[in-house]
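**Q** here are the coordinates; sequence isn't available:
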């Protein structure tokens, strides 16, 4: 009995070490730029097959890292969505998308890696869908998205599509750049994650509601 | 005499082959993900030192690729800035920043690589400054930037700073994503570079002029 518990505790510890090592290495070198062997070594595993044993495929590993964070982000967003209830202001719903990600990084402290890890996942067409599927699974994000569309003027479909992509790109890259600057002790435009998220929500609300120019000849 | 000309022609051909090969490889694998040996092989050079012989450092090679395009982009932008002369509309000056890059890719045809190459350069802290310095050298870009700030409400310095970064990130990544989609025959929101640039200018004008929310407690 006690031996069994010890073994299962050891499994948890090993999995945690692999997740932390992989997240950092992926954040620095990209998903395809890192081998399972490097991850195992960084996690202190003598056995070269530890990653495969615990997570199966590379997809399984990336998904496990994403889940580790999205559960907590979802919790923060659930509360924000409740507070925004009934609002017709685009910015409130944009903030529900952006601020929980920023708040989670604030909670993690410096250095965190999930911001840069996310940018690397989004930059890699082979893994991007994992993140998109996790986002689809988020009830609070889906709710914020529906409310956002409700508040919006009747945007043409192709404009809505491109602006959704712009929001995704800006959110991920601005957060990754700030995380990098904090980790390197470099200058940042804002002195807190909260202010950075507020600035991002302002800009994205302007982006979403910008008038659409008629095409010129 | 004729032999000398043949030799200098050969040098030009070799340089062009190296530039084209390096641009494509950097676009696909990142600046640090490619060796000089790979570039030489791809350019059909038996000699492993061809890249170093013709371009000196890696910086010299990246700069030469950037220059090859920025000369033509500058020419397009010079004309646009002349047409925008006297305008007080933020969108006109934003368009002067974005549209010439898009127009240049339209001129290059499919597949082009400079969009993705630019995104890779901007993602690599070691080479990002090369692009920033080239941009600083552009008289038409500097002019558009000055006019943009003239049209703007009095934005706080940190907001101006973050929005400049947002414009840079969105322009480079949206253009790179569209170039990739075209090369892969995938779906794109707009059916031409001109419309894509127009949609981007709309959104960026909204982003620049968005009101700044007061920080919440």
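**A** That came through fine. Computed from a predicted structure; not experimentally measured.

**Q** According to the record, where do the domains of chain A fall?
**A** As given by automatic domain parsing, the domain ranges for chain A are A:1-56, A:66-209.

**Q** Identify whichever of these lies nearest to chain B.
**A** Closest to chain B of those, according to Cβ to the nearest Cβ: domain A:66-209, at 2.5 Å. Using the backbone N, CA and C atoms, a C-beta is placed for each residue, glycine as well.

**Q** any idea which helix or strand comes after the lowest-mean-pLDDT helix or strand in chain A?
**A** Ranked by mean pLDDT, DSSP states H and E, the helix or strand of chain A with the weakest confidence is helix A:128-137, at a mean of 82. Scanning forward in sequence from helix A:128-137 by DSSP states H and E, the next helix or strand is helix A:139-151.

**Q** I'd like the average pLDDT over the following helix or strand past that following helix.
**A** Sequence-wise, the next helix or strand downstream of helix A:139-151 (DSSP H and E) is helix A:157-183. In this model, helix A:157-183 has a mean pLDDT of 93.

**Q** Helix A:157-183 close to chain B?
**A** Yes: using Cβ under 8 Å from any Cβ of the partner chain, a contact is recorded between helix A:157-183 and chain B, made by A:158-159, A:161-163, A:165-166, A:169-170, A:173-174, A:177, A:180.

**Q** next one: that helix to chain centre, how far?
**A** 10 Å (Cα atoms, centre = their mean, to the nearest Å).

**Q** For the next helix or strand after that helix, name the packing helices and strands.
**A** Where DSSP H and E defines the elements, the next helix or strand beyond helix A:157-183 is helix A:193-209. Under the contact criterion of 3 or more Cβ pairs under 8 Å, 6 or more residues apart in numbering or on different chains; DSSP states H and E, helix A:193-209 touches helix A:90-108, helix A:157-183, helix B:157-183, helix B:193-209.

**Q** same thing but at 10 Å, please
**A** helix A:90-108, helix A:139-151, helix A:157-183, helix B:157-183, helix B:193-209 (3 or more Cβ pairs under 10 Å, 6 or more residues apart in numbering or on different chains; DSSP states H and E).

**Q** Mind putting those helices into JSON lines with distance to residue A:18 and mean neighbour count?
**A** Formatted as JSON lines, the helices and strands packed on helix A:193-209 follow (distance: least, Cβ to Cβ, whole Å; neighbours: other Cβ atoms under 10 Å in any protein chain shown):
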{"stretch": "helix A:90-108", "distance to residue A:18": "18", "mean neighbour count": "22"}
{"stretch": "helix A:139-151", "distance to residue A:18": "27", "mean neighbour count": "17"}
{"stretch": "helix A:157-183", "distance to residue A:18": "21", "mean neighbour count": "20"}
{"stretch": "helix B:157-183", "distance to residue A:18": "31", "mean neighbour count": "20"}
{"stretch": "helix B:193-209", "distance to residue A:18": "40", "mean neighbour count": "23"}
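
**Q** any chance of the ones you listed in TSV, with distance to residue A:44 too?
**A** Below are those laid out as TSV (distance: least, Cβ to Cβ, whole Å):
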stretch	distance to residue A:44
helix A:90-108	22
helix A:139-151	35
helix A:157-183	22
helix B:157-183	36
helix B:193-209	45
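
**Q** and residue B:11, which of those helices is closest to it?
**A** Closest to residue B:11 of the helices and strands packed on helix A:193-209 is helix B:157-183 (Cβ to Cβ; 29.8 Å).

**Q** how big is the angle separating that closest one from helix B:139-151?
**A** 130 degrees (axes from the mean of the first three to the mean of the last three Cα atoms, to 10 degrees).
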